[in-house]
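K.L.:
have a look; sequence and predicted model below, questions after that.
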Amino acid sequence: MARIRQLARQNQTMLKKTGSYYLIHISVAAMVAYAVTGNLWASLTLSLLEPTVQAVAFFFHEKAWDRAARRRAASAADAVPSLA
């Protein structure tokens, strides 16, 4: 449990961003699914399933981009000659 809390603290901004994205995605998915099916229960089921999977994928997508940015920054720092 301590590991989960630590992970949540370290990724607080990303988790908030993921959560807000999740809510927007559910809303849009529900409206589209209802427009297509005309069935409230089907639209709610579809709107919860697909965005849930997308939110998890989005979190790991953001983590990968952050890791890549850190690597690029480290490479750039290593490429700059020191003034010593």
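P.N.:
Thanks, I have the structure now. Numbers count the residues shown, from 1 in each chain.
K.L.:
so which residues of the chain form strands?
P.N.:
Taking DSSP state E, the chain contains no strands at all.
K.L.:
for it, what's the longest helix?
P.N.:
helix 40-79 (DSSP state H).
K.L.:
what packs against that one?
P.N.:
helix 12-37 (3 or more C-beta pairs under 8 Å, 6 or more residues apart in numbering; DSSP states H and E). All C-beta spots, glycine's among them, are computed from the backbone N, C-alpha and C.
K.L.:
so where is this protein shaky, pLDDT-wise?
P.N.:
80-84 (pLDDT under 70).
K.L.:
before we move on, the earlier item: list the buried ones in the longest helix of the chain?
P.N.:
By neighbour count on 16 or more other C-beta atoms under 10 Å, the buried set for helix 40-79 is 43, 46, 47, 51, 54, 55, 58, 59, 62.
K.L.:
okay, now the residue nearest to residue 51 when sequence neighbours are not counted: neighbour count?
P.N.:
Closest residue in space to residue 51, ignoring its immediate chain neighbours: residue 25 at 3.9 Å, by C-beta to C-beta, 6 or more residues apart in numbering. For residue 25, the neighbour count with other C-beta atoms under 10 Å is 17.
K.L.:
next one: residue 18
P.N.:
Neighbours of residue 18 (other C-beta under 10 Å): 19.
K.L.:
quick check: the residue nearest to residue 51 touching residue 53?
P.N.:
No - using C-beta atoms under 8 Å, residue 25 is not in contact with residue 53; the gap is 10.3 Å.
K.L.:
what do the two both touch?
P.N.:
Here residue 25 and residue 53 share no contacting residue, scored by C-beta atoms under 8 Å, 6 or more residues apart in numbering.
K.L.:
can I get the buried residues of helix 40-79 in CSV with distance to residue 78?
P.N.:
Output for the buried residues of helix 40-79, formatted as CSV (distance: C-beta to C-beta, whole Å):
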residue, distance to residue 78
43, 52
46, 48
47, 46
51, 40
54, 36
55, 35
58, 31
59, 29
62, 25
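K.L.:
do you know how far the residue nearest to residue 51 is from residue 3?
P.N.:
For residue 25, the distance to residue 3 equals 27 Å [C-beta to C-beta, to the nearest Å].
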